[in-house]
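In: Got a sequence here, can you build the structure:
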Amino acid sequence: MIYFVARILKWALALGIALVTIGWLLLAAPFFSGTRQQIVADVLTEQLGQAVMVEDDVSVVLGPISRIRAGGVLIPSENVDGTNLAELALLELDLDVLALLNGQIDLDNITVDGLQVNMVTLENGTTSWTPTNRPETTEEPEKAPEEVAEAPERSNGGIWGFLRHRTASFTSIGLKIDNQVSGFVFAFDLEHLKFDQLDDGNRLGVSGRGTLNEQTFELDGSYPTDAPFTTRANFGEMKLTFDGDPLPANQGGGFTGVLTLDTGEFGDFLDVIGLDRVLEGSGKLSAGLTSQNGTLKVADFATVVDLDEGQQIKAQGDVENLLKAKGFDIRLNARFHPEGGPPADAANLKDLKLTGLSAHILGDGKAVELDEFLITTNAFDQGLDQVGPVSIGRLRRTPGGHLAMEEFKLQAGPIDAPYIVAQGNIRNLLQLKQLDLTGKLAAPASLLLKELGDDVAKAFGGVEADFSVDDTQGHLSLKTLDARTVNTDVWALDAHLALGDVTGLDGIEFDFDLDIADGAHFLGALKLEEVDTGPLEISAAAQGKGKDFTTRLGLAAGSSKLNASLETSVSEGRPTVDGRIFSERLDVEDLRKAISGVVELGKIGNEAGIEKEDAVADEEADETDFQPLVLPKEEGKPTDLVDLEELVLNTDLTVKLEIREITGQQGVSSLASELVSKDGQARLGPAEVTYGGGYFKVAAEMDLVETPELLSVSGATSGWDFGKILDAVGLGIDAHGTLSGNFDITGNHSSARTFINSMYGSASISMSKGDVATSLLELAGLGIFPWLFSEEFQQGYTDIVCVVAPVQINAGKISFDSMVAETESVQLVAQGHVDWINDSIALRAEPRRVGKPLARSAWPFDVTGRLSEPKFKLDVGGSRSKRADGADEMPAERKPCVPDLLQLE
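Out: Residues are numbered from 1 along each chain as shown. The predicted structure is shown next:
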């Protein structure tokens, strides 16, 4: 029996030695290296929930708590070929052998050195890791207290779940987050990252130090079990905090908390996230976050960005689920100038600046709607009540370091029938550059004519257009805009526009053709008086590239046509404009009808003004009515951006005008003129007009350098029938004669009234070889008895030898001292003045026999008093004159229409 026991002990000892030897060989012998690698790989795979490979040898220091050391540990990506999720040079950890004998794997005190983690998201959304995406259960089977205490927690939450209740230390860590969908790359280079089990394992402390995208990075976090947690992170001057609370399982699990972010210098923030440093300033952000069941809810979101140049951007609101971009309700306000210091009103297009923007952003999924959208500039404001939805394909960082918004779509107007639909990209969102946009416009006439009723709007149909915009050349370009009218026979519009540079009007291509087949039908459709204007046509074309520019304009009304052309170039550094306005035939009747039609069109605004108060009340009652697109307010019109005086001052201009035939009234007329401006000296004319045998020639001049407020006008006229003029003013006196005249006056041209009241200069009217069907002039000069026996009384009319009326004009006052009207027998000389500003007149006229200036004037008369109510006084008894120097003889060769008194010798 003793022998049998001894034998058993011997075999047991041998077996033990063999087992120890086999165990030692298994744990230490090179022959079993692959086995050890596989065992460690399998254990880590089970714990991490991610496939793990061990390529270098594994060593074990045996004990109740054995220390395992492994090198060349890889976690290959299951989704991205050729990419490792993680690589580490050295892994050490403690294994609880007693727990292992009970069938439980308990790993702790993990040390990692030389770790590189690659979290890659491909453009198709594939990730280098395998997301668990398992919803958290709201109920768990109850466990006995001792079961909970004895069974160590197993990980089912990936790497974070594995590390959550373990002590770990990481050194020389590289973490690269490369999201090829968003374009953002975050490269962490950490000296160390440490996970400490504190408070007897009831709290996890996390700390890390290193750099993020070459900016200093620090992380400190405290995560107690089932208790409030804190996270603090610094990226250079940027500070991020997140204080939260875990949500219990019976409430759905997850966590809730408050996130705050202080960007410090905003340029540093852009550096950290890998964007170009195009903005400087500071920003703050705060938001309440709730993560639960695969959703991330944002509440009380608020951010303010203050830029160094005084601009400010604010946003606030809520997001139902940020992960799926659902339930956006954000209000955005941006001021693009220092507070209280808006830019001056734009003097020209180049001065036009964006001054503000506000919007109410609503969204569900990827579609974003701008419920209220207001853009302000230093020229005009414009509200768009219905803009959206806006669908954004993606926001991403470009390889050049810009924030891009790609594949976005937007619409404006009613949801079911939008006025504008556009799609495109903005590849530099922070600076609003590198954009390309294409779209369609379909605007019904009711958009502008809704106050005139649905039937009017329906008759006018609408306008459709295709457009394309980009700034690939470094400036905003309208590549094409093709517009046309639809669903109407009232008017026809066909237009094409392209602008290489919108702000500078460079590289322009423009063709415009508006046809109205029947002007009466057009006005009738607007419920106006149907003026028979006949067909109307407006055509225009323009081409410009660099400093060369050509424009053509055509106007046609009835049978009349007018064409104009301008060619612009640059000579010796100054713009030069050569133009021509030409018409082969212009009918006055066509012109009259066209003007009458324009007058009728003007009644639209007047009638709207009468009903303005009622219309305002209606608009306030219906706040959903869409406002007309891009119609500037009255106080800031785009036309105010062009200074015509400055344009003429800085441009050499030559424009010729020629209308070969003007018809429609008695006689035949033509018109020819020329406008020339060079080096600030402008001259119009001479304008030459012939009409019904009459002739008119006038010229105007301005010195825009020395006296830009003054306009000088001079000219002459002749060939006008005196009798027709008397008939035109309603006197009804039969007369004949040819009038002629000249004038040279200067005045302030700020308005017609100012010019008339400020003008000064001289003028003269004359007539020769005429007659008038009355002999009253002889009666006044000869006396009653000579008149009764005069030849003129017998024949019933008087031959007019000549009339000369020179006058001086000075600031509203006309004065004359030798106005002469002369017949074969009588010379009438008048002198005095007319002052229309002060409403006064003082005139003295003395008729005498020709060649008898010292004889008595039989019937001289005076006109005095107010110009509006003059008083006429006849000097009964007559009057005499004399020369101060005693001269009393007429010269041998008397000059007609020169006061005889002045000719005495």
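In: list the helices and strands the host helix or strand of A86 packs on?
Out: If you go by DSSP states H and E, A86 is part of strand 84-96. If you count contacts as 3 or more C-beta pairs under 8 Å, 6 or more residues apart in numbering; DSSP states H and E, strand 84-96 packs onto strand 65-76, strand 107-121. All C-beta spots, glycine's among them, are computed from the backbone N, C-alpha and C.
In: Could you say which one of those strands comes nearest to D470?
Out: Set against D470 and scored by C-beta to C-beta, the helices and strands packed on strand 84-96 come closest in strand 107-121, at 29.4 Å.
In: Just checking the distance from the closest one to the centre of its chain.
Out: 52 Å (C-alpha atoms, centre = their mean, to the nearest Å).
In: Return the set of buried residues in it.
Out: Of the residues in strand 107-121, 107-108, 110-115, 117-121 count as buried by neighbour count, 16 or more other C-beta atoms under 10 Å.
In: And stretch 67-74, by the same measure?
Out: 68-73.
In: Most widely separated two among those?
Out: I68 and G72, at 14.0 Å, using C-beta to C-beta across those.
In: now the strands: where do they sit in the stretch 251-400 of the chain?
Out: Taking DSSP state E, counting those that start in this stretch as the criterion, the stretch 251-400 of the chain contains strands spanning 255-262, 281-292, 295-307, 312-321, 326-335, 354-364, 367-377, 381-384, 387-391, 394-397.
In: Quick one: mean pLDDT over the last one.
Out: Put plainly, it is strand 394-397. For strand 394-397, mean pLDDT is 75.
In: before we move on, what about the fifth one?
Out: Summarised as a single mean, pLDDT over strand 326-335 is 87.
In: Listing partners with orientation, what would you give for that strand?
Out: Strands adjacent to strand 326-335 in the sheet, as given by DSSP bridges, are strand 312-321 (antiparallel), strand 354-364 (antiparallel).
In: Outside of the last one itself, list whatever touches it.
Out: Pointing back at strand 354-364 there. 317, 325-337, 342-343, 368-378, 387-390 (C-beta atoms under 8 Å, 6 or more residues apart in numbering).
In: would you list the helices and strands packed on strand 84-96 in CSV and tack on distance to D515 and mean pLDDT?
Out: Shown next, in CSV, are the helices and strands packed on strand 84-96 (distance: least, C-beta to C-beta, whole Å; pLDDT from 0 to 100):
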stretch, distance to D515, mean pLDDT
strand 65-76, 72, 80
strand 107-121, 57, 82
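In: Quick check: which of those strands is nearest to D454?
Out: strand 107-121 (53.6 Å).
In: between the closest one and strand 84-96, how big is the angle?
Out: Using axes from the mean of the first three to the mean of the last three C-alpha atoms, to 10 degrees, the direction of strand 107-121 lies 170 degrees away from that of strand 84-96.
In: okay, the angle between strand 107-121 and strand 65-76?
Out: Using the same axes, to 10 degrees: strand 107-121 against strand 65-76 is 10 degrees.
In: packing partners for strand 107-121?
Out: Strand 107-121 packs on strand 84-96, strand 168-179, going by 3+ C-beta pairs under 8 Å, 6+ apart.
In: Convert the C-alpha atoms of that strand to PDB, please.
Out: C-alpha atoms of strand 107-121 as PDB (Å, rounded to 0.1, in the frame of the first residue of the first chain):
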ATOM      1  CA  LEU A 107      -7.100  42.700 -17.600                       C
ATOM      2  CA  ASP A 108      -5.700  45.800 -15.800                       C
ATOM      3  CA  ASN A 109      -2.800  48.100 -15.400                       C
ATOM      4  CA  ILE A 110      -2.400  48.500 -19.100                       C
ATOM      5  CA  THR A 111       0.800  50.200 -20.400                       C
ATOM      6  CA  VAL A 112       1.100  51.200 -24.100                       C
ATOM      7  CA  ASP A 113       4.000  52.800 -25.800                       C
ATOM      8  CA  GLY A 114       4.400  53.900 -29.400                       C
ATOM      9  CA  LEU A 115       0.700  53.900 -30.300                       C
ATOM     10  CA  GLN A 116      -0.600  55.100 -33.600                       C
ATOM     11  CA  VAL A 117      -4.400  55.200 -34.100                       C
ATOM     12  CA  ASN A 118      -5.800  55.900 -37.600                       C
ATOM     13  CA  MET A 119      -9.500  56.800 -37.700                       C
ATOM     14  CA  VAL A 120     -10.200  57.200 -41.400                       C
ATOM     15  CA  THR A 121     -13.500  58.000 -43.100                       C
END
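In: And for that strand, what's in contact with it?
Out: Contacts for strand 107-121 (C-beta under 8 Å, 6+ apart): 43, 47, 77, 80, 83-96, 127-129, 163, 166-182, 195.
In: Quick one: buried ones out of those residues?
Out: Counted by 16+ other C-beta under 10 Å, those give 43, 47, 77, 80, 84-88, 90-96, 127-129, 163, 166-168, 170, 172-173, 175, 178-179, 195 as buried.
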